[in-house]
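Enquirer: Generate coordinates for the sequence data below:
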Amino acid sequence: MAERGFRNHDMKSSARFAIAALAVLLFFLGSGFKSRKAASVDWAKLTDAQASIDQEATPGKSSPFKLGSLSELSGDGRVPDVHIPPPPRILDGEYVSSHRVLHVPPSQSAEYESGPSIPLVDRRPSGSVVVDDPEQPRSFSSHLYVDTSAYLNTIDKNREMSSRDQGTFYEQNLRHELLSTNHNGDTINVITDVTHSNDKREYKDYVTVNQFTAESRTDRSLLSVGHSSPDFSDLTITSRIAGLYGVQKFSNTEARAFTGYHAIDKTNLQDPRFVNGIRVEHHKDDAVTIGLNAVSSEDLHDTPSSDPNLPTLKNHVMSADIEMRPTDNIYMNGEYAGSVTDFDKHANLGDQTGSAYRFKAGYQRECMHVEGGAEEAESTFLTPLGDGPRDELSYFGNALYELNRYISARGSIRSSRDNLAGYKRDTIHRDEPELDVTLKPSEYYKDLRLDLFYQPLHEYAEDTTFLNHYKTLIWTELHQKAGAMRYFAALSSMEDRDNVAKANDKNIGKMDLKLTWEYDAMRSLYGLYSLEQLSYLGMGGQDRTWIYGLGGKSQFHEDLSLTLDYTHEIDQQRDSSLDSNHDRVNLAFTKEYNNSARFILDFEGANNSFALTGRSFRDLTARLRFLRAF
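Expert: Residues are numbered from 1 along each chain as shown. Sure, this is the predicted structure:
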């Protein structure tokens with residue numbers, strides 16, 4: 001019994017000890033006890049982790065844990081009391097346990113302040129563009145090309161025979177190109193090209209505006225101010241104008257209009273021709289396109305500088321054109337036009353009306369192209385701005401065929417007649433056939449090419465005693481390159497026969513030879529020889545012209561090059577008193593500073609000797625030229 005009582009007492013003691021130990025453990029766990037080993041916590045990892053949490057919660061703000069004073073222990077070795085902020089806001093749809101409610105301080109959850117010009121809700125339609133939005137991408141390119149030269153002309157002996165004026169002159173050409181492109185492809189382009197010179201022989205005015213164009217283009221519209229070339233039709237306008245030109249595209253319709261002057265320099269503006277026009281084009285697809293055109297022209301001689309003796313023209317042209325492409329290989333187009341013209345408003349002659357038409361159809365494939373057509377214009381039809389015949393009926397055809405890589409041929413024919421209204425003395429017929437064959441006979445010599453050209457022309461009147469003229473031209477060329485040598489040879493012969501006046505019969509033969517040695521890409525030397533002979537069969541005698549030439553180019557340094565050309569010409573006329581000799585030389589030094597700047601010092605001279613006394617002269621031009629691209 002005593003042993004059983006001892007065992008019960010031990011079990012009770014053990015149970016009391018286990019319960020006491022468990023209570024102490026739970027007490028320490030529940031009271032947030034931290035052992036001494038906590039002093040060795042890796043605060044760097046804790047700091048980095050908390051910084052990443054802060055950055056996710058509040059973008060752009062740094063974590064206070066990055067301050068050095070908070071990442072160190074206190075002086076007595078105890079861990080400082082660091083306040084860890086709550087975790088970041090949990091997005092909608094994320095799981096949150098039911099026993100914990102997250103709280104994010106307002107300073108961390110507040111949105112960024114928005115400017116008063118930006119709406120809180122963007123109600124702009126998708127794809128819209130704000131013009132003044134600085135975030136819209138736009139690219140700019142600006143190029144300025146400067147070509148400035150100063151030159152001195154000296155003339156000896158007969159100055160009237162020279163094509164130059166003696167003296168010191170300058171010439172400056174400025175061309176500026178400005179292009180602005182938006183992210184959607186819209187562009188604004190401004191081109192200005194001006195030449196300023198005091199050489200009256202070369203330019204009539206001190207300042208010549210070669211081109212000024214300001215153009216705004218989108219995928220559905222075009223607006224051009226200045227020089228432009230309206231795209232209408234052949235019988236209405238193919239000329240360049242100075243004024244306004246606009247294009248607007250709709251779903252299946254396109255409208256074009258222009259107004260301005262048919263004048264591209266100051267001289268024409270003294271007697272300007274006011275022009276305007278409109279075109280409406282409709283197309284369902286690329287198969288059929290229909291257009292209506294109306295163009296007007298009127299001379300304005302109302303300025304004090306106008307010439308009162310010039311006729312004052314007033315003209316209206318209207319046309320309808322159609323273009324059809326039923327398949328990828330077949331195409332057809334045609335146009336019918338009518339004009340109303342007052343040839344001189346001051347003469348009070350009244351209006352004259354006329355009509356014209358053109359038609360063309362063709363078939364094309366990779367190795368073949370065939371087309372033919374007809375065009376006719378009455379004698380009273382006039383299109384001042386277009387490209388059309390007048391008082392003519394013609395039929396034409398063209399064919400191009402590439403048999404293989406070695407042989408290709410092109411042939412054409414045009415047959416026409418005039419005097420459609422019977423006003424002239426006789427009707428003139430013109431037949432103009434031609435044939436051109438190109439041969440590349442060698443696979444080894446890939447640069448070997450032989451061209452053959454044949455053109456027999458016949459111009460005659462219905463009354464052959466009035467006009468009956470034949471011209472037959474045969475011409476051939478040979479090109480070859482072997483190693484560093486390049487060869488060129490050309491032969492031509494023309495027979496001119498006038499069956500009405502036999503004294504006009506003549507033959508013209510010409511031969512050209514040129515040999516070039518291309519040492520490398522920057523060094524070459526060439527020599528040439530040319531002979532032309534004109535034989536007067538009816539009257540007898542010959543004219544001969546010989547030309548000998550030598551020249552080349554060389555680069556002495558990576559930025560310094562030299563170009564030299566010299567020719568000697570001998571002219572022997574049927575009348576020996578008209579014989580002459582001509583020596584011409586051109587020497588140029590070029591200094592390259594970079595890819596966009598260079599200096600050129602050029603000397604160009606000629607010595608011209610004539611058999612007649614007092615006609616000989618010499619001239620020399622020394623020019624310093626600077627070219628720069630900005």
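
Enquirer: max-length strand in this protein?
Expert: The longest strand of the chain (DSSP state E) is strand 138-157.

Enquirer: Report all helices and strands that that strand contacts.
Expert: strand 167-182, strand 617-629 (3 or more C-beta pairs under 8 Å, 6 or more residues apart in numbering; DSSP states H and E). Yep, even glycine has a C-beta here, placed from its N, CA and C like the rest.

Enquirer: List the buried residues in the last one.
Expert: Spelled out, it's strand 617-629. 617, 618, 619, 620, 621, 623, 625, 626, 627 (16 or more other C-beta atoms under 10 Å).

Enquirer: Tell me how many other residues surround residue 164.
Expert: 19 (other C-beta atoms under 10 Å).

Enquirer: oh, I was asking about residue 425
Expert: For residue 425, using other C-beta under 10 Å, the count is 9.

Enquirer: again with residue 540
Expert: Per other C-beta under 10 Å, the neighbour tally for residue 540 reads 9.

Enquirer: mind checking the SS state of it?
Expert: coil (DSSP: H, G, I helix; E, B strand; the rest coil).

Enquirer: in the longest strand of the chain, what's buried?
Expert: Using 16+ other C-beta under 10 Å as the test for burial, strand 138-157 gives 149, 151, 153, 155, 157.

Enquirer: Just the CA coordinates for that strand, please, in CSV.
Expert: Taking Å, rounded to 0.1, in the frame of the first residue of the first chain, the C-alpha atoms of strand 138-157 are listed here in CSV:
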residue,chain,number,x,y,z
ARG,A,138,5.7,64.8,-83.1
SER,A,139,8.9,64.7,-85.0
PHE,A,140,10.6,67.7,-86.8
SER,A,141,13.3,67.8,-89.4
SER,A,142,14.8,71.0,-90.8
HIS,A,143,17.4,71.1,-93.6
LEU,A,144,19.0,74.2,-95.1
TYR,A,145,21.1,73.9,-98.2
VAL,A,146,23.4,76.8,-99.1
ASP,A,147,25.2,77.1,-102.4
THR,A,148,27.2,80.3,-102.5
SER,A,149,29.7,81.3,-105.2
ALA,A,150,31.6,84.3,-106.3
TYR,A,151,33.2,84.4,-109.7
LEU,A,152,35.2,86.6,-112.1
ASN,A,153,34.7,86.6,-115.9
THR,A,154,37.4,88.0,-118.2
ILE,A,155,36.9,88.2,-121.9
ASP,A,156,39.6,89.0,-124.5
LYS,A,157,39.1,90.3,-128.0
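
Enquirer: hmm, who's touching that strand?
Expert: Residues outside strand 138-157 that contact it (C-beta atoms under 8 Å, 6 or more residues apart in numbering) are 162, 164-183, 616-630.

Enquirer: from the middle of its chain, how far away would it be?
Expert: Distance of strand 138-157 from its chain centroid, counting by C-alpha atoms, centre = their mean, to the nearest Å, is 21 Å.

Enquirer: what's the angle between it and strand 617-629?
Expert: Orientation note: strand 138-157 sits at an angle of 170 degrees relative to strand 617-629 (axes from the mean of the first three to the mean of the last three C-alpha atoms, to 10 degrees).

Enquirer: between strand 138-157 and strand 167-182, how many degrees?
Expert: Using the same axes, to 10 degrees: strand 138-157 against strand 167-182 is 170 degrees.

Enquirer: quick one: strands adjacent to strand 138-157?
Expert: When pairing is defined by DSSP bridges, strand 138-157 lines up against strand 167-182 (antiparallel), strand 617-629 (antiparallel).

Enquirer: Nearest to residue 228 among the buried residues of strand 138-157?
Expert: residue 149 (29.7 Å; C-beta to C-beta).

Enquirer: and that closest one, what pLDDT?
Expert: You'll see residue 149 listed with a pLDDT of 95.

Enquirer: I'd like to know how far it sits from residue 617.
Expert: Counting by C-beta to C-beta, to the nearest Å, the separation of residue 149 from residue 617 is 23 Å.

Enquirer: Quick one: the helices in the stretch 201-350 of the chain, in order.
Expert: For the stretch 201-350 of the chain, the helices defined by DSSP state H, counting those that start in this stretch occupy 266-269.

Enquirer: pLDDT weak spots in the chain?
Expert: Within the chain, the ranges that satisfy pLDDT under 70 run 1-137, 263-270, 302-309.

Enquirer: Apply 80 and report the result again.
Expert: Counting by pLDDT under 80, the ranges of the chain that qualify are 1-138, 263-272, 285-286, 300-311, 345-349.

Enquirer: For the strands paired with strand 138-157, give me TSV that also has distance to residue 532.
Expert: Output for those, formatted as TSV (distance: least, C-beta to C-beta, whole Å):
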stretch	distance to residue 532
strand 167-182	34
strand 617-629	24
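
Enquirer: Can you tell me the number of residues neighbouring the closest residue to residue 180 other than its chain neighbours?
Expert: The shortest distance from residue 180 to any non-neighbouring residue, by C-beta to C-beta, 6 or more residues apart in numbering, is to residue 188 (4.4 Å). The tally of other residues near residue 188 (other C-beta under 10 Å) stands at 16.

Enquirer: ok, now residue 343?
Expert: For residue 343, using other C-beta under 10 Å, the count is 16.

Enquirer: Residue 522 now?
Expert: 12.

Enquirer: repeat for the one 5 residues further on
Expert: The tally of other residues near residue 527 (other C-beta under 10 Å) stands at 14.

Enquirer: mind listing what it touches?
Expert: Counting by C-beta under 8 Å, 6+ apart, residue 527 has contacts 514, 515, 549, 550.

Enquirer: Type out the ChimeraX command that picks the buried ones from these.
Expert: Selecting only the buried entries of those in ChimeraX, with 16+ other C-beta under 10 Å as the criterion:
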select :549
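
Enquirer: Of all the helices and strands packed on strand 138-157, which one comes closest to residue 195?
Expert: If you check each of the helices and strands packed on strand 138-157 against residue 195 by C-beta to C-beta, strand 167-182 wins as the nearest, at 4.8 Å.

Enquirer: In the closest one, which residues are buried?
Expert: 169, 171, 173, 175, 181.

Enquirer: now what about that strand, what contacts it?
Expert: 129, 136-153, 187-199, 202-203, 210.

Enquirer: again, only using 7 Å
Expert: By C-beta atoms under 7 Å, 6 or more residues apart in numbering, the surrounding residues in contact with strand 167-182 are 138-153, 187-199.

Enquirer: okay, how far is it across stretch 228-240, tip to tip?
Expert: Terminal residues of stretch 228-240 lie 6 Å apart, using C-alpha to C-alpha, to the nearest Å.

Enquirer: for it, which positions count as buried?
Expert: So, applying 16+ other C-beta under 10 Å, buried residues of stretch 228-240: 228, 230, 232, 233, 234, 235, 236, 237, 238, 239.

Enquirer: Show me the contact partners of it.
Expert: For stretch 228-240, contacts defined as C-beta under 7 Å, 6+ apart pick out 213, 227, 241, 245, 256, 258, 262, 264, 277, 279, 291, 293, 295, 317, 319, 321, 335, 337, 356, 358, 383, 385-388.

Enquirer: And those residues, which of them are buried?
Expert: 213, 227, 241, 245, 256, 258, 262, 264, 277, 279, 291, 293, 295, 317, 319, 321, 335, 337, 356, 358, 383, 385-386, 388.

Enquirer: Quick check: bridge partners of residue 173?
Expert: residue 147, residue 195.

Enquirer: picking up where we left off before, tell me which of the buried ones among the contacts of stretch 228-240 fall in strands.
Expert: The strands, defined by DSSP E, take in 213, 227, 241, 245, 256, 258, 277, 279, 291, 293, 295, 317, 319, 321, 335, 337, 356, 358 from the buried ones among the contacts of stretch 228-240.

Enquirer: dump the residue contacts of the closest residue to residue 518 other than its chain neighbours.
Expert: Once flanking residues are discounted, residue 518 sits nearest to residue 524: 4.7 Å by C-beta to C-beta, 6+ apart. With C-beta under 7 Å, 6+ apart as the criterion, the residues that contact residue 524 are 516, 517, 518, 552, 553.

Enquirer: tell me which element residue 524 is part of?
Expert: Using DSSP states H and E, residue 524 falls within strand 523-536.
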